[in-house]
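Trainee: below are the sequence and a predicted model for it; my questions follow.
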Amino acid sequence: MDAVSDHHIDGKQIAAQLRANIASEVSELKDVTGEVPGLAIILVGDDPASRVYVANKHRQTVETGMKSLEFRLSEQTTQAELVALIERLNEDHSVHGILVQLPLPAQTEAEAVINAIAVEKDVDGFHVLNAGRLATGLASLVPCTPLGTVMLLKDRLGDLSGLHAVVVGRSNIVGKPLSQLLLAENCTVTVAHSHSRNLPDICRSADILVAAVGRPELIRGDWIKPGAVVIDVGINRLSDRDGVRLVGDVATSEAGHAAAITPVPGGVGPMTIACLLSNTLQAFRRSLAPAAS
Ligand code: GUN
């Protein structure tokens, strides 16, 4: 909490600290067990953004001392081939986490593919059983972006109890699991989306405002309550006269009266990958002592 006066929430720095803690735990566990956590990352096709995300996940997995197995499959890969690979990895004792980068090509149904992953290796937390466990308050592997978002909020605010959190976006990857996590932190949670009436007023009532809709700079400065903490999950590629730039879902330049806001890039993005590594370490720990966790 030494950066309370800073307007920008430094996700890069907080993620680096988390990765350093993970690396030292991995090293300690390696000394004791002779094993390291293993993460399998599957990329189907060559979506340019997905390739960048997967390359970053691979690099940071290796940097924290874990094993990373990367599978790059062609755009034409069938669902049956993908599920067969996942089933093989489910049985592989050196693999503790399995991640299928989304989106998948049209011939594969993401839900069926994700649900083929062994629940205890589902480090993205997207399996229907992990989603259900989270929703009902049981221990589960929790989706990485929501997990990273709550860590940033707690780092800045401490106790979140009683605060009004508005989550704009209702995806299975961010909006829904994040609303569950914020409820568990005793926030009053409003989930808004593209059909919500009077979105600006809903946003203006937020102590915590999280934007996860994928619409560049949708949220304007006058939608933000003075003193609110704003987390911008959006990563949008905008092409204009100045070339291609990354912008979030919030018009950050108009948000000077917020108590704090995450930048894009360098806010939530680094936290997502750090939380993936944290989930992989957790899955590894559970594989060592399944009865105790
Ligand atoms: N595509 C966009 N976000 C994510 C994520 O968090 N995990 C995976 N696997 N794919 C994504």
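Mentor: Perfect, I can see it now.
Trainee: which non-adjacent residue is nearest G137?
Mentor: Leaving aside its sequence neighbours, G137 sits nearest to A184 (CB to CB, 6 or more residues apart in numbering; 6.7 Å). C-beta: built from backbone N, CA, C; applies to glycine.
Trainee: ok, R220 next?
Mentor: Spatial nearest neighbour of R220, chain neighbours left out: A251 (5.2 Å); criterion: CB to CB, 6+ apart.
Trainee: cool, V268 as well?
Mentor: V233 (5.2 Å).
Trainee: ok so, going back, how many neighbours does the residue nearest to G137 have?
Mentor: Per other CB atoms under 10 Å, the neighbour tally for A184 reads 14.
Trainee: quick check, pLDDT for it.
Mentor: On the pLDDT scale, A184 is placed at 97.
Trainee: pull the residues that contact the helix or strand where K57 lies.
Mentor: Element membership of K57 [criterion: DSSP states H and E] is helix 48-63. The contact list for helix 48-63 (CB atoms under 8 Å, 6 or more residues apart in numbering) reads 19, 23, 39, 41, 43, 67-68, 70, 99, 101-103, 237, 273-274, 276-277, 280.
Trainee: restrict those residues to those near the ligand?
Mentor: With CB under 6 Å from any ligand atom as the criterion, the contacts of helix 48-63 include 99, 101-102 near the ligand.
Trainee: can I get these in a markdown table with secondary structure, neighbour count and pLDDT?
Mentor: Below are those laid out as a markdown table (DSSP: H, G, I helix; E, B strand; the rest coil; neighbours: other CB atoms under 10 Å; pLDDT from 0 to 100):
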| residue | secondary structure | neighbour count | pLDDT |
| --- | --- | --- | --- |
| L99 | strand | 24 | 98 |
| Q101 | coil | 18 | 98 |
| L102 | coil | 16 | 97 |
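Trainee: and which of these is nearest V213?
Mentor: Checking those against V213 by CB to CB gives L102 as the nearest, at 16.6 Å.
Trainee: that closest one reaches V174, doesn't it?
Mentor: No: contact between L102 and V174 fails when scored by CB atoms under 8 Å: they sit 11.8 Å apart.
Trainee: what residues are up against the closest residue to G175 other than its chain neighbours?
Mentor: Closest residue to G175 apart from its sequence neighbours, by CB to CB, 6+ apart: G169 at 4.0 Å. By CB under 8 Å, 6+ apart, the contact set of G169 is 175, 191-193, 210-214, 233.
Trainee: which ones among these are found in strands?
Mentor: Judged by DSSP state E, the contacts of G169 include 191-192, 210-211 as members of strands.
Trainee: identify, from those, the entry nearest to D124.
Mentor: The nearest one, if we look at those relative to D124 and count by CB to CB, is V210, at 18.8 Å.
Trainee: span of stretch 218-238 from start to end?
Mentor: Stretch 218-238 has an end-to-end distance of 13 Å (CA to CA, to the nearest Å).
Trainee: in it, what's buried?
Mentor: Neighbour counts over stretch 218-238 (16 or more other CB atoms under 10 Å) mark 218-219, 223-225, 228-236 as buried.
Trainee: quick check: closest non-adjacent residue to the one residue in the chain that gets nearest to the ligand.
Mentor: Across the chain, no residue is closer to the ligand than L102, which sits at 3.7 Å (CB to the nearest ligand atom). Computed as CB to CB, 6+ apart, the closest residue to L102 that is not its neighbour in sequence is A110, at 6.0 Å.
Trainee: residues in contact with that neighbour?
Mentor: The contact partners of A110, by CB under 8 Å, 6+ apart, come to 100, 102-104.
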